[in-house]
Every structure is written in structure tokens, then in C-alpha cells.
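Below are the sequence and a predicted model for it; my questions follow.
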Amino acid sequence: MHNIANILCYALIIYGSSMMGFTIARNYAERPRQLQALLTGVQILLTEIVYAATPLSEALQNLSRSCDTIGAFFSRVAQEIDNLKPARIAWEEGLEQLQAASALLAPDIEALRALGDVIGTSDREDQQRHLLLASRRIEGLHQSAVNEAAKNERLWRYLGVLAGIVAVIIIF
């Protein structure tokens, strides 16, 4: 009976450390997907604002249907604008929610924050310039995230499992 309890304890240690490694690896895998969704969203927003002359809250609401975590960000900003909050403040509040609910890092949020400072405050040509700039910044961040994911995703999976095995060996 004592041996069974020990084996169960060791299995739980390995399982727990493995799950920690897999969670970190999942964040590395999710970040490029979320940045790609943001890039697509900014490009669609560019089309909606510049070419279709869609009002900002309506354009954001259209974007919110596009994807899960990122769609929730656009939806929240659109709702806050509809509630008569200034676009900059609504954008900032949406970014706080997005950062908490996503795998995005501080540089990713900063790229969006820079866009939020100017979105909805000038004419279409100026909006186009800022949206294109944000699009290029997000594209660079996406490429960097893809490279990081390729390097680190598998590493963290193995590291989690091996850390558990090492801990069991030390305890044993």
C-alpha cells in the first residue's frame, strides 16, 4: 500500500510539471495565431474605414465576429464607443481585457496602444497611414513570434516532463 502511494505521488509530480511545461508551450503556439488574427483585424479595419467609410463602432462590431479572443477585444471596444466613451479610452480598456485573456506580450499590446491613441480622431487618409503602420508593426511581431514558437515550444514541453522526472529522482 505504501509503494502504491509513493508511485501515485511520483506520477502526480511528473504530471504537474509536465502540465506546466505544456502550458508555457501553448502560449508560445497561441501568440503567433493571435497576432495573425490581429493583423487580419487591422487590415479589415483599414478596408472598413478607408474604403467603405464605415463608422468606427460598426467596423469594430463587424470585426468582432471574426475570431474568439481577438473578436472579444473588438466587440468590447465597439460597445464602449456605442456607450459614448471616447475611442481612445474604449480602446485602452479593451487592451487591458485583451492582455489578460490572451497570450500576447507587452510589445504586442504596445503596438495596439499606439494605434488606439489615434484611431477615430482624424480623417480617412490619416487613419489609413496609422492602420498601415500598425499592420507593419504587428506583421514584424508575428514573424518574431513564429520564430520564437519554433524554437521554444518543443523545448518547454520536454523541459516540463524532464523537470518532473528529475524531481522524482531527487526525492526517490
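Yep, it's here.

if I pick Val146, what's in contact with it?
Counting by C-beta atoms under 8 Å, 6 or more residues apart in numbering, Val146 touches Pro32. (C-beta placed from N, C-alpha, C; glycine too.)

Look up how far Gln36 lies from it.
Distance from Val146 to Gln36, counting by C-beta to C-beta, to the nearest Å: 9 Å.

Now name the helix or strand holding Leu131.
helix 124-171 (DSSP states H and E).

where's that helix relative to the chain centroid, distance-wise?
Relative to the centre of its chain, helix 124-171 is centred 10 Å away, using C-alpha atoms, centre = their mean, to the nearest Å.

pLDDT averaged over that helix - what is it?
Here helix 124-171 scores 90 as its mean pLDDT.

pull the CA atoms of stretch 144-160 into PDB?
Provided in PDB are the C-alpha atoms of stretch 144-160 (Å, rounded to 0.1, in the frame of the first residue of the first chain):
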ATOM      1  CA  SER A 144       9.200  37.200 -34.400                       C
ATOM      2  CA  ALA A 145       6.600  35.200 -32.600                       C
ATOM      3  CA  VAL A 146       6.700  32.400 -35.200                       C
ATOM      4  CA  ASN A 147      10.500  32.200 -34.800                       C
ATOM      5  CA  GLU A 148      10.200  32.100 -31.000                       C
ATOM      6  CA  ALA A 149       7.500  29.400 -31.100                       C
ATOM      7  CA  ALA A 150       9.600  27.300 -33.400                       C
ATOM      8  CA  LYS A 151      12.500  27.500 -31.000                       C
ATOM      9  CA  ASN A 152      10.800  27.300 -27.700                       C
ATOM     10  CA  GLU A 153       7.500  25.300 -28.000                       C
ATOM     11  CA  ARG A 154       9.100  21.800 -28.000                       C
ATOM     12  CA  LEU A 155      11.800  22.900 -25.500                       C
ATOM     13  CA  TRP A 156       9.200  23.800 -22.900                       C
ATOM     14  CA  ARG A 157       7.300  20.500 -23.400                       C
ATOM     15  CA  TYR A 158      10.400  18.500 -22.900                       C
ATOM     16  CA  LEU A 159      11.600  20.700 -20.000                       C
ATOM     17  CA  GLY A 160       8.300  20.200 -18.100                       C
END
